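A.B. asks: curious how this folds, go ahead:
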Amino acid sequence: MAVEDIRGALRTPSQNTSRSNVPEIPRDESPSARIERLGCERPSAFLNPWTELFCLFGIVMSQFLTEFFVSGFTVILPPLAQDLKIPQASQVWPATAFSLVISSTLLIFGRLGDIWGGYPLFFAGLAWLLIWSVVAGFSSGAVMLNICRALQGLGAAAFLPNGVMIIGSLYRPGPRKNLVFAIYGTAGVLGFFGGIAIAGVVGQCLRWSYYFWIGAALAAITLATAICAMPYSTLANDSRRQVKMDYVGGVGIVCGLVLTIFAITQSAHAPSGWKTPYVLATFLLGILFLAGTWYVEQHVVSDPLLPASLFAVKSMTPLLIALLLLYGTWGIFSVNGSLYFQNVLSASPLQVVVWYIPIGVVGLVVSVIEGYILHLVPGHVLMIISGLAAVGSQLLLALIPAGGGSYWAWIFPSAILSTIGIDLSTILMTVFITTAVPSSQQGLAGGVLNSVLQLGVAFVLGFTDIIQSAVVKDGGLEESYKATFWFGVGVAGASLIILMIWGRIPKAVSELTADEKREHDSL
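C.D. replies: Residues are numbered from 1 along each chain as shown. Got it, this is the predicted structure:
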């Protein structure tokens, strides 16, 4: 609903006009009651519940597809690498190229969404992912596969922030928005499980190519459904045209992140580790790019890619740091955990799928419950619970007895706690950040949020790769995985400390939007 519509709805009955898209207001309804009611109603942009349902299906499925192509690839990687003759040291790149490209370009696509509106970039991203998923299934070697995975990441980087932008622009703060973002967060968990499940079946029964082609088919269904249901008129916002693209910041951030993450990841496999010249050179160059970009953004650019106003929001910076660390522990569980189950505990791909069933079930339940209680329970409490769950999940994996213990005693509770740890935090932060910023920065909000999540996985997995490579030489494969889990305990613990001290998030109640608050303050 547009700001003008809300302003009209919040007037007293005598002031209300007869505009058809403004709900009829009872004469005895107070302004606070109206705000509460508007936070629960279906947005007027949707003509009926079906258009809302199918529009949300398209956006939710975009989150599903991203996790599908992250988690499932880990399961399908062993038979794929054998077929394409990819050596062990080179397998890290097709596994990380997708997330690396997403994390390094999200902010650019988020800003482009604020300039052009979410519609063109959301659908272009889905179409791009569809094309390169089909092509990836025909990969004939490691180079072609790496290129396809990187180009897949560009598609996800385009639709992820703009999907968040569309939801954030359509829904007012309140219980309905909380529930919608809870469902959106659930899609990530279901996508993680769905990717593993489908990859497990494909790895057991079919050629690995079908994993990519099934993902392409899901992308096609998502694209077609969203095109038919998207309320296009709500995406036109003249204020977004005033936002300019920060090309200097965009180039600096992309180069800095790619070079830094490349150096961290490659250091585990380079001949002399960090002493290898090209590793040290790319790392230093990446740091210089990031430092230079920060200086330019602060002192030179008039419309920076990361405006200071975003980090002026109370608790925003520590919360983003904590979320980065929390999602990094999710990467340890999903990637290192999956490899540990298969390579050490000798679990088959289908057995891993069965072991991960609780992730999908518990993730769905937790997300729906959270959607209903976000306006009742302080966010600070939920974030602390999230941090505690992440610590517990990593600790259980680290303490599994040598040779493997009981699934029900160790892996089952670890999977449940891992799901709780990431679900509570990501859903809450999505609601928090999209409520805190104005409509002209909703794409930026989606870009920052998803960039933090993907960077968390990329950075933490880069360090776990270094740890594992160092430990496996003397301690063996099992001890090398255990070392990564202990590292996860430390990462989750650091996140918990940050959340306990600085993670102050209020209840997600019905209230004025950021635009309305700004307009009210200017009166």
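
A.B. asks: can you list phi and psi of the closest residue to I422 other than its chain neighbours for me?
C.D. replies: Sequence neighbours aside, W330 is the residue nearest to I422 in space, at 4.5 Å (criterion: CB to CB, 6 or more residues apart in numbering). For every residue, glycine as well, the C-beta is placed using N, CA and C. Dihedral pair for W330: phi -60, psi -40, per degrees, to the nearest 10.

A.B. asks: and W330, how many neighbours does it have?
C.D. replies: 28 (other CB atoms under 10 Å).

A.B. asks: L461 versus F192, what's the distance?
C.D. replies: Counting by CB to CB, to the nearest Å, the separation of F192 from L461 is 15 Å.

A.B. asks: now G188
C.D. replies: Applying CB to CB to G188 and L461 gives a distance of 17 Å.

A.B. asks: now the strands for the stretch 301-450 of the chain?
C.D. replies: When secondary structure is read from DSSP state E, counting those that start in this stretch, the stretch 301-450 of the chain shows no strands.

A.B. asks: quick one: the helices in the stretch 1-150 of the chain?
C.D. replies: 3-9, 31-38, 49-84, 92-116, 118-136, 142-170 (DSSP state H, counting those that start in this stretch).

A.B. asks: and the ones you listed as TSV, adding mean neighbour count and mean pLDDT?
C.D. replies: Compiled in TSV, the helices of the stretch 1-150 of the chain are given as follows (neighbours: other CB atoms under 10 Å; pLDDT from 0 to 100):
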stretch	mean neighbour count	mean pLDDT
helix 3-9	17	45
helix 31-38	17	78
helix 49-84	21	89
helix 92-116	24	84
helix 118-136	22	93
helix 142-170	25	91
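
A.B. asks: of all those, which lies closest to A398?
C.D. replies: helix 49-84 (19.6 Å; CB to CB).

A.B. asks: which helices and strands does the closest one pack with?
C.D. replies: Judged by 3 or more CB pairs under 8 Å, 6 or more residues apart in numbering; DSSP states H and E, helix 49-84 is in contact with helix 92-116, helix 118-136, helix 142-170, helix 175-205, helix 209-229, helix 337-343.

A.B. asks: adding distance to Y247, write those out as JSON lines.
C.D. replies: As requested, these are arranged in JSON lines below (distance: least, CB to CB, whole Å):
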{"stretch": "helix 92-116", "distance to Y247": "9"}
{"stretch": "helix 118-136", "distance to Y247": "17"}
{"stretch": "helix 142-170", "distance to Y247": "17"}
{"stretch": "helix 175-205", "distance to Y247": "30"}
{"stretch": "helix 209-229", "distance to Y247": "29"}
{"stretch": "helix 337-343", "distance to Y247": "39"}
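
A.B. asks: K473 is nearest to which of those helices?
C.D. replies: helix 337-343 (16.1 Å).

A.B. asks: I'd like the average pLDDT over the closest one.
C.D. replies: Helix 337-343 carries an average pLDDT of 85.

A.B. asks: ok so, going back, and of the helices of the stretch 1-150 of the chain, who's closest to G273?
C.D. replies: Comparing those by CB to CB, helix 92-116 comes nearest, at 14.5 Å.

A.B. asks: so what secondary structure elements neighbour the closest one?
C.D. replies: helix 49-84, helix 118-136, helix 142-170, helix 247-266, helix 442-502.

A.B. asks: next, the angle helix 209-229 makes with the third one.
C.D. replies: Which is helix 142-170. Calculated by axes from the mean of the first three to the mean of the last three CA atoms, to 10 degrees, helix 142-170 forms an angle of 30 degrees with helix 209-229.

A.B. asks: distance of F463 relative to R149?
C.D. replies: For F463, the distance to R149 - CB to CB - is 21 Å.

A.B. asks: what's the answer for I76, then?
C.D. replies: From I76 to R149 the distance is 12 Å (CB to CB).

A.B. asks: any idea which helix or strand in this structure has the lowest mean pLDDT?
C.D. replies: The helix or strand of the chain with the lowest confidence, counting by mean pLDDT, DSSP states H and E, is helix 3-9 at a mean of 45.

A.B. asks: and the residue nearest to I422, what does it touch?
C.D. replies: A390, S418, G421, I422, G456, V457 (CB atoms under 8 Å, 6 or more residues apart in numbering).

A.B. asks: out of those residues, who has the most neighbours?
C.D. replies: A390 (34 neighbours).

A.B. asks: ok, and the closest non-adjacent residue to it?
C.D. replies: Closest to A390 by CB to CB, 6+ apart is G421, at 3.5 Å.

A.B. asks: which residues touch the one you found?
C.D. replies: L326, T329, W330, S386, G387, L388, A389, A390, G392, S393, A492.
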